[in-house]
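> The amino acid sequence is not available; the structure is as follows:
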């Protein structure tokens, strides 16, 4: 069976000669087709109207009286789209041309043979299938275009397609026509130069050039459109570029909407801001990357003694030549490079005397996040600088007087120490000599404190390690002649305290060390004395310990009536601490001072202690 036999397609034979119709029917049925016969064009029309199973018409052109085959074919095609294959004895040009005017699928000369006829039938079916698919595709495309156009026309925003090389509009929607006041035909005859203001058209052309060069551009540019009635409106464009086969930009599809009111509000706010800036009492100005002034307010013009027209467009060095301009430009470049604000203090020369300003440079980022300009705000500090200078001079004068007072007080203490020493050497009793010797040590400990303060450039902070070490060396030198091989060792943290606290610590060390040197090692006995001043666990501990003969039997520190123990108690109370005494292998006297107020520590303390021997 042939290919067509499997399809069981129905062919309508329109033939006025019965024998020919029967012969053709037998041949077609034998090859698997269903066959319907009609002897006239009128009968064929009736069959096509009544039956929907006809798949092809095999049409004779000469049908005798009545309508001929070409007319019958035209009427059949007006009812239904079917493949029509003409079959005729005639080969004249006029007959063939009559058939060609109709949407036919071939022309076969009668009696060309079964093979030719069957091949022509199969070819006609294939052509009809291809034409049907193409027609359906064209219809779908047409319907899609119509739907898209309806959607475009119903959209509440303006939409257009544009050819980039020519600048002409390819399509516009109804909303764009309503918005601009032009008809669709009028818009399609215009290009963008006719629709945009001159400034906006330049911006658009610059944007297109950047796109064609592959450079980044802002996503939603704003343009000013000139309407048909000569008024203007502001719009924002949201578009997609269309690229050709070579990768170049060939067109664009753009959606736009009206932002005129938003733009007017923004312009109003900008005007308000400009008025506020102009009326600000502090200088405010704007730079671009090249150091060119783009805006200056009234306070700035008054500060430099020039008009805004004489400043706008000028560069920094035109207003501030030389080093002053270099200073300002250096900060400007730093802000552009880092995107971070910065401050400088700069001088503005004026006929009545230089004025000084502290200026803050702040970056203004663009849509891409990069700095597009730098705004500067200045605050005049001329009077502040004068006051600061006067205060500094006054402070230096007071510091000089204070140092002189310290120096005189130190000298007075030294003179008192010398008088006490002379008096000590002149008294006859050991008890009096001992009293004067202790008094001399106490005065010397305070004199050492003032010596340290005098050499500290006016600083009132005393580090206990330096002060106690000085007191220990002084006392050790005093007793060196009467001692055997006694070693004095120190472990002292670098603890900052004020002068009042330092004097208390110094007097405590003086009393405890003097007491140990006098009584712990009689008859030249050897031994060691340890002096420790450390910060541990939130407290300062000052201790003096020795491995001498120990405490007298029954000694109780709270019951002691000696002036040295009395002084220890008083100084401990002034420091806000407590005192203690421990016996055993070592005799230990200690004072513990809690650091209840962290502000009393003037700098980081509790640093690792250091050991010394004297």
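Perfect, I can see it now. Everything numeric in this text was worked out from a predicted model, so none of it was measured.
> Quick one: mean pLDDT over stretch 264-272.
For stretch 264-272, mean pLDDT rounds to 82.
> Just checking the distance from it to the centre of its chain.
27 Å (CA atoms, centre = their mean, to the nearest Å).
> now swap in stretch 534-542 and tell me
Distance of stretch 534-542 from its chain centroid, counting by CA atoms, centre = their mean, is 48 Å.
> Equivalent analysis for stretch 237-250, please.
Worked out by CA atoms, centre = their mean, stretch 237-250 lies 31 Å from the chain centre.
> List the buried residues of it.
For stretch 237-250, the buried set under the neighbour-count rule, 16 or more other CB atoms under 10 Å, comprises 237, 239. Heads up, the C-betas are built off the backbone N, CA and C, glycines and all.
> Between its first and last residues, how far does it reach?
With CA to CA, to the nearest Å as the measure, stretch 237-250 spans 18 Å from end to end.
> what is the rounded mean pLDDT of the helix or strand hosting residue 203?
Under the criterion of DSSP states H and E, residue 203 resides in helix 198-212. Taken as a whole, helix 198-212 carries a mean pLDDT of 88.
> List the buried residues in that helix.
Neighbour-count burial for helix 198-212, counted by 16+ other CB under 10 Å, picks out 200-201, 203-204, 207-208.
> what about the closest residue to residue 576 other than its chain neighbours, which SS state?
What sits nearest to residue 576 in space, not counting adjacent residues and going by CB to CB, 6 or more residues apart in numbering, is residue 593, at 6.2 Å. Following DSSP: H, G, I helix; E, B strand; the rest coil, the label given to residue 593 is strand.
> one step back: with distance to residue 138 added, can I get the buried residues of helix 198-212 in JSON lines?
Shown next, in JSON lines, are those (distance: CB to CB, whole Å):
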{"residue": "200", "distance to residue 138": "40"}
{"residue": "201", "distance to residue 138": "39"}
{"residue": "203", "distance to residue 138": "41"}
{"residue": "204", "distance to residue 138": "36"}
{"residue": "207", "distance to residue 138": "37"}
{"residue": "208", "distance to residue 138": "34"}
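> Looking at those residues, which is nearest residue 122?
Nearest to residue 122 among the buried residues of helix 198-212, counting by CB to CB, is residue 208 at 55.2 Å.
> Would you confirm that that closest one contacts residue 162?
No. Assessed by CB atoms under 8 Å, residue 208 is found out of contact with residue 162, at 10.4 Å.
> can you pull out the strands in the stretch 251-400 of the chain?
According to DSSP state E, counting those that start in this stretch, the stretch 251-400 of the chain carries its strands in the segments 284-287, 293-296, 342-348, 355-365, 371-380.
> Pick the most buried one from these.
strand 284-287 (a mean of 21; mean count of other CB atoms under 10 Å).
> Now it: average pLDDT?
92.
> cool, stretch 477-491 as well?
The average pLDDT within stretch 477-491 is 74.
> Of the strands of the stretch 251-400 of the chain, which is nearest residue 583?
Using CB to CB, these put strand 342-348 closest to residue 583, at 64.4 Å.
> now that closest one, how far from the chain's geometric center?
27 Å.
> same for it, what does it pack against?
If contacts are counted by 3 or more CB pairs under 8 Å, 6 or more residues apart in numbering; DSSP states H and E, strand 342-348 sits against helix 323-338, strand 355-365.
> now the longest one, how far from the chain's geometric center?
How far helix 323-338 lies from its chain's middle: 22 Å, per CA atoms, centre = their mean.
> can you start the count at 850 instead of 1 from here on
Right, with 850 as the first residue, what we last looked at is helix 1172-1187.
> Show me which parts of that helix are buried, residue by residue.
Buried, per 16+ other CB under 10 Å, within helix 1172-1187: 1173-1174, 1176-1178, 1180-1181, 1184-1185.
> and which of the buried residues of helix 1047-1061 is nearest residue 1231?
For those, the nearest to residue 1231 is residue 1052 (44.4 Å; CB to CB).
> you'd agree that closest one is up against residue 1067?
No. If you go by CB under 8 Å, residue 1052 and residue 1067 don't touch, sitting 10.3 Å apart.
> roughly how far is the helix holding residue 1052 from the heart of the chain?
On CA atoms, centre = their mean, the centre of helix 1047-1061 falls 28 Å from that of its chain.
> same check, this time on stretch 954-962
Taking the mean of its C-alpha atoms, stretch 954-962 sits 81 Å from the chain's own mean (CA atoms, centre = their mean).
> Now do that stretch: everything it contacts.
Outside stretch 954-962, the residues that touch it by CB atoms under 8 Å, 6 or more residues apart in numbering are 869, 909, 932-938, 940, 945, 948-949, 965-966, 969, 972-973, 976-977.
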